[in-house]
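Q: Structure for this input, please:
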Amino acid sequence: MKVFIFSHESDLDGLYSAAIGLMRYPQATTVFLGYGVENMQKMGNFLYSATHYSKERGLVIVADLGLNDDTIEVCRQIFSDASRNGWNLMWVDHHPWSQTAIDAVKEYAELVHDPSGRRCAADLMYERLLPENDTAKKLASMAHTMDFFTKDQYLTPITELMRYYQNFPDFYERLSALAKKSARGILWDTHMHEDYLNYSKLRDEAKVQTLSTLQVRPVDRIKVAYVQSSPYLNNSLFSEEVFTATGADLVMFYSIKGKVSIRRRNDAISCRQVASYLPEGGGHDYAAGATFRSNPSDTSAIVGELEAAVVKAIRKKDK
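A: As a prediction, this is how the structure comes out:
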């Protein structure tokens with residue numbers, strides 16, 4: 001049976017969700033994606049080729065990728081087409097979805113969904129696919145620790161390595177190789193360590209450059225830090241340094257590619273709510289992502305657009 005696993009490209013939860021899927025289906029092809037309409041269309045193009053030019057049928061698993069309302073129609077087209085061609089579909093996720101999105105996916109797929117904030121996608125993959133497997137349980141536990149920042153166990157710096165690999169043209173091959181190693185219980189090896197040493201030098205240089213772009217502004221009662229992100233920095237990890245240095249409640253990392261990552265230090269504001277006022281916004285209360293419309297070279301316009309989203313989120317909370 002053919003199996004395709006689509007998982008989130010940017011964090012440990014996505015990587016270990018794919019790894020657990022590979023433990024259950026070693027023959028699976030892994031495909032890593034980001035959020036948004038463009039990435040959903042990539043999934044559709046891949047599945048169209050896979051399901052139309054082969055008589056063999058199989059299973060599609062989507063893991064750790066939320067479904068926003070602006071991608072529902074694209075998703076419906078993809079899944080209905082694959083379903084008509086005899087493929088089974090499963091979507092495993094822990095992000096908040098609208099009821100409309102839930103109903104749309106349930107028409108064509110098994111939906112394993114828990115937006116409660118108590119379980120990550122790897123937890124759900126473990127419980128659904130390999131509930132008796134100790135290695136899968138450990139992978140899910142480590143993904144949980146990273147996703148919820150519980151700091152209750154040691155983790156290898158694999159998330160930073162993932163960030164480093166995003167700078168290579170063979171990023172997806174490297175990510176798939178990490179998933180395969182993880183599925184075999186290999187969490188770190190000498191090759192990964194050598195890559196990490198090379199990365200750490202670039203990371204430390206990037207921190208100096210990135211902090212030079214830092215702006216801190218009060219927005220109503222919220223203290224917000226705006227920082228230009230770097231391709232060599234993991235935003236979730238680096239946000240802790242920004243919070244320590246600034247005392248900010250919220251940090252917004254904006255990139256030259258038009259993307260923004262949002263992290264918070266406390267529950268004064270919801271990252272997901274802020275993201276909802278930006279294009280392609282989604283995520284959790286404690287961490288979210290989106291895009292912005294401003295010219296990526298116009299810092300003042302970017303900060304103004306991001307600040308406007310924060311203002312709207314504050315007003316929404318105060319109602």
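
Q: secondary structure element for the residue located most distally from the centre of the chain?
A: For the chain, the residue at maximal distance from the C-alpha centroid (CA atoms, centre = their mean) is residue 55, at 32.6 Å. Remark: residue 55 resides in no helix or strand, with elements defined by DSSP states H and E.

Q: isn't there a helix covering residue 117?
A: No. Read with DSSP: H, G, I helix; E, B strand; the rest coil, residue 117 is coil and lies in no helix.

Q: what's around it, how many residues?
A: 12 (other CB atoms under 10 Å). All C-beta spots, glycine's among them, are computed from the backbone N, C-alpha and C.

Q: cool, and residue 37?
A: Residue 37: 15 neighbours (other CB under 10 Å).

Q: Was I right to think it contacts residue 279?
A: No. Assessed by CB atoms under 8 Å, residue 37 is found out of contact with residue 279, at 9.7 Å.

Q: List the contacts of the nearest residue to residue 36 once chain neighbours are set aside.
A: In space, and not counting its chain neighbours, residue 36 is closest to residue 280: 4.3 Å by CB to CB, 6 or more residues apart in numbering. Residue 280 makes contact with 35, 36, 37, 68, 70, 290, 291, according to CB atoms under 8 Å, 6 or more residues apart in numbering.

Q: at 10 Å instead, please
A: Listed by CB atoms under 10 Å, 6 or more residues apart in numbering, the contact partners of residue 280 are 34-39, 68, 70-71, 258-260, 289-292.

Q: got it, and residue 74?
A: 37, 38, 39, 40, 41, 43, 44, 67.

Q: So it belongs to a helix, correct?
A: Yes. Assessed with three-state DSSP, residue 74 lies in a helix.

Q: Distance-wise, check it relative to residue 21.
A: Distance, residue 74 to residue 21, using CB to CB, to the nearest Å: 22 Å.

Q: now do residue 58
A: 13 Å.

Q: Find residues that contact each of those two.
A: 3, 4, 28.

Q: Now do the strand or helix carrying residue 241: which elements does it pack against?
A: Per DSSP H and E: residue 241 is located in helix 235-246. Judged by 3 or more CB pairs under 10 Å, 6 or more residues apart in numbering; DSSP states H and E, the packing partners of helix 235-246 are helix 134-148, helix 158-165, helix 190-211, strand 215-219, strand 222-228, strand 250-254, strand 259-264, strand 287-291.

Q: For residue 95, find the nearest of these.
A: Distance to residue 95, taken as CB to CB, is lowest for strand 287-291 among the helices and strands packed on helix 235-246, at 9.2 Å.
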